[in-house]
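Chemist: Predicted structure and sequence below. I'll ask about it afterward.
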Amino acid sequence: MTMLFKLQSVAVRFGRVQALSACTLKVNAGERLALVGANGSGKSTLLRTLHGLLQPVAGSLQYDANARQAMLFQRPYMLRASVLNNVALGLWLNGARWHLAKAQALLALERVGLADLARRNARALSSGQQQRVALARAWALKPQVLLLDEPTSSLDPAAKREVERLMAEFAQSGMTLIFSSHNLGQVKRLASRVIYLEQGHLVADLPTEAFFNGPLPAAAETFLKGELG
């Protein structure tokens with residue numbers, strides 16, 4: 001399998017705070033990798049490190065420079081512009097002519113079921129609609145790897161189902177998904193592999209079925225029981 005990321009003893013620090021400690025991890029193309037753990041466990045830090053937004057202070061990070069990446073943040077930023085232009089801008093910045101960028105953006109909005117809102121102000125949309133716009137913006141760039149930080153945490157049940165459906169479809173098309181989530185039902189539905197983090201340490205790295213059916217390291221077992229209880 002094609003290796004996309006290889007982390008060896010990676011550490012990330014914010015001042016005196018050790019956000020990641022001795023993190024060793026490999027990610028191959030086509031995986032659906034879920035990051036779980038309590039708030040502050042290092043999930044977002046790991047995602048941002050993989051995406052190149054944070055630099056390790058120790059260890060090594062190798063990645064496939066030819067694999068296009070996109071990242072979806074927990075609260076996606078919407079420009080004070082139309083939905084269409086919010087999607088088209090990323091394509092234009094990536095080198096597409098403006099008229100082609102708008103045409104491709106419209107196709108991306110059709111992909112997520114929002115073409116009818118293309119002329120609306122993006123900031124006037126609901127949280128769920130904005131998240132789907134962000135998915136369209138990412139998908140339009142045709143990434144091989146999509147990183148998502150708590151993509152449905154602030155959404156109502158209907159919007160969560162829609163975002164999950166899109167994530168599943170992207171994965172079925174061959175896209176690699178790496179996402180953080182507090183929703184263990186979502187992890188069961190979408191992930192092929194689960195990483196459990198605690199206080200910046202990678203404690204467990206297991207196929208999804210093995211993670212939910214044990215045995216687990218004590219810390220991961222306690223977390224799982226607490227979340228499912």
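Modeler: Received the coordinates, thanks.

Chemist: any idea which helix or strand carries the residue nearest to the spatial centre of the chain?
Modeler: Nearest to the geometric centre of the chain sits residue 148, at 1.4 Å (CA atoms, centre = their mean). Per DSSP states H and E, residue 148 falls inside strand 145-149.

Chemist: Name the residues that touch the lengthiest helix in the chain?
Modeler: Longest among the helix segments of the chain by residue count, using DSSP state H, is helix 157-172. Where contact means CB atoms under 8 Å, 6 or more residues apart in numbering, the residues beyond helix 157-172 that reach it are 32, 112-113, 126-129, 131-132, 135, 139, 146, 148, 151-152, 155, 177, 179, 183, 186, 189-190. Heads up, the C-betas are built off the backbone N, CA and C, glycines and all.

Chemist: Now, of these, which are buried?
Modeler: In the contacts of helix 157-172, burial by neighbour count holds for 32, 112, 128-129, 131-132, 135, 139, 146, 148, 151-152, 155, 177, 179, 183, 186, 190, counting by 16 or more other CB atoms under 10 Å.

Chemist: pretty sure the residue nearest to the centre of the chain contacts residue 179?
Modeler: Yes - under the criterion of CB atoms under 8 Å, residue 148 makes contact with residue 179 at 3.9 Å.

Chemist: What's the local residue count around residue 195?
Modeler: By other CB atoms under 10 Å, 24 other residues sit near residue 195.

Chemist: For it, give the beta-bridge partners.
Modeler: residue 35, residue 205 (DSSP bridges).

Chemist: before we move on, the earlier item: the strand holding residue 148: partners in the sheet, and parallel or antiparallel?
Modeler: Applying DSSP bridges, strand 145-149 is found paired with strand 69-72 (parallel), strand 176-180 (parallel).

Chemist: What are the contacting residues of the longest one?
Modeler: For strand 176-180, the surrounding residues in contact (CB under 8 Å, 6+ apart) are 4, 27-36, 43-44, 47, 50, 67, 144-151, 167, 170-171, 190-191.

Chemist: Next secondary structure element downstream of that strand?
Modeler: Next element after strand 176-180 (DSSP H and E): helix 184-190.

Chemist: Tell me the residue in the protein that is farthest from the middle.
Modeler: residue 99 (29.0 Å).

Chemist: Now that one: which helix or strand?
Modeler: Assigned by DSSP H and E, residue 99 falls in helix 98-111.

Chemist: buried residues in that helix?
Modeler: Applying 16+ other CB under 10 Å to helix 98-111 flags 101-102, 104-106, 108-109, 111 as buried.

Chemist: Hmm, which of those is lowest in pLDDT?
Modeler: Among these, residue 111 has the lowest pLDDT, at 89.

Chemist: quick revisit: and of the buried residues of helix 98-111, the nearest to residue 63?
Modeler: Lowest distance from residue 63 to the buried residues of helix 98-111 (CB to CB) belongs to residue 108, with 25.0 Å.

Chemist: The closest one contacts residue 136, doesn't it?
Modeler: Yes - taking contacts as CB under 8 Å, residue 108 lies within contact range of residue 136: 4.1 Å.

Chemist: Give me the below-cutoff pLDDT ranges for the chain.
Modeler: Within the chain, the segments meeting pLDDT under 70 span 228-229.

Chemist: any idea how it splits into domains?
Modeler: Per the record, the chain has its domains at 29-54+144-229, 77-142, by automatic domain parsing.
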